[in-house]
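K.L.:
structure of the sequence below:
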Amino acid sequence: MNESMQKKGISRGFAQGWSSVVWGLSVALCFSISPIFIRHGLEILPSPLLGVTIGMVFSALGYGILLLLRRNHVVRSAISRSTMIYQLAAGVLVGLSTWARWFALDHAAVGVVLALGRLNVPVVILVSPFLLGQQLERVTPKVVLGALLIVTGSVLLALTG
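P.N.:
Coordinates of the predicted model:
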């Protein structure tokens, strides 16, 4: 592991090949199905914030159980102050985005919310090389083309949805 990766708290051992594709597609599947359940839940719940709270409680319980089961595999080492600041900032932003997503799903069509949510792709592509370094996050022409296709599709879906 090089010094740059150690300073940023990044471990080597990124999954490569089909196993990483399967995990990525699993994430996409879960994210694409969840708004349908959220939309139905919002018909019963009086507030999107209450729905987010219920979701966060179950997520925390799930993570707690996994942590308990895998506690012998957790690397216990000191966490740097900068890593902690990044993680706290990420947690706050994810919490706000989750609440905004639930609010949007309560007030707009699911297809429009999902399509516009994919506009996060260019933001990640622009910001990640600065945070992680260009040696870890290579923005290739294929990546840029993929992002352009995603944004184009998202805009078309939003305009026709």
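K.L.:
contacts, neighbours, all on C-alpha from now
P.N.:
Fine.
K.L.:
count of residues packed around Gln134?
P.N.:
As a burial measure, Gln134 scores 11 neighbours (other CA atoms under 10 Å).
K.L.:
no wait, Ile38
P.N.:
Ile38 sits with 20 neighbouring residues when counted by other CA under 10 Å.
K.L.:
next one: it from Val75, what distance?
P.N.:
As defined by CA to CA, to the nearest Å, Ile38 lies at a distance of 35 Å from Val75.
K.L.:
what's the answer for Val92, then?
P.N.:
To Val75, Val92 is 24 Å away according to CA to CA.
K.L.:
quick one: low-confidence parts of the chain?
P.N.:
By pLDDT under 70, the low-scoring segments of the chain are 1-16, 161.
K.L.:
can I see the domain layout of it?
P.N.:
Following automatic domain parsing, one finds the domains of the chain at 17-107, 109-161.
K.L.:
quick one, which of the ones you listed is packed in tightest?
P.N.:
Per-stretch averages of neighbours, counted by mean count of other CA atoms under 10 Å, single out domain 109-161 among the domains of the chain, with a mean of 15.
K.L.:
quick check, distance from it to the centre of its chain.
P.N.:
Taking CA atoms, centre = their mean, to the nearest Å, one finds the center of domain 109-161 at 13 Å from the center of the full chain.
K.L.:
helix or strand for the residue nearest in space to the middle of the chain, which one?
P.N.:
For the chain, the residue lying nearest the average C-alpha position, counting by CA atoms, centre = their mean, turns out to be Val94 (7.5 Å). Counting by DSSP states H and E, the element that carries Val94 is helix 81-107.
K.L.:
likewise for Ser19?
P.N.:
With elements taken from DSSP H and E, the one containing Ser19 is helix 18-44.
K.L.:
related to what we said a few turns ago, other SSEs contacting the helix holding Val94?
P.N.:
helix 18-44, helix 48-69, helix 110-117 (3 or more CA pairs under 8 Å, 6 or more residues apart in numbering; DSSP states H and E).
K.L.:
and the last one with helix 18-44, angle?
P.N.:
Going back to what we said before, that points to helix 110-117. Calculated by axes from the mean of the first three to the mean of the last three CA atoms, to 10 degrees, helix 110-117 forms an angle of 130 degrees with helix 18-44.
K.L.:
the helix or strand that helix 110-117 is followed by versus helix 81-107: what angle between them?
P.N.:
Using DSSP H and E, the next helix or strand after helix 110-117 towards the C-terminus is helix 120-132. Per the same axes, to 10 degrees, the angle that helix 120-132 makes with helix 81-107 is 170 degrees.
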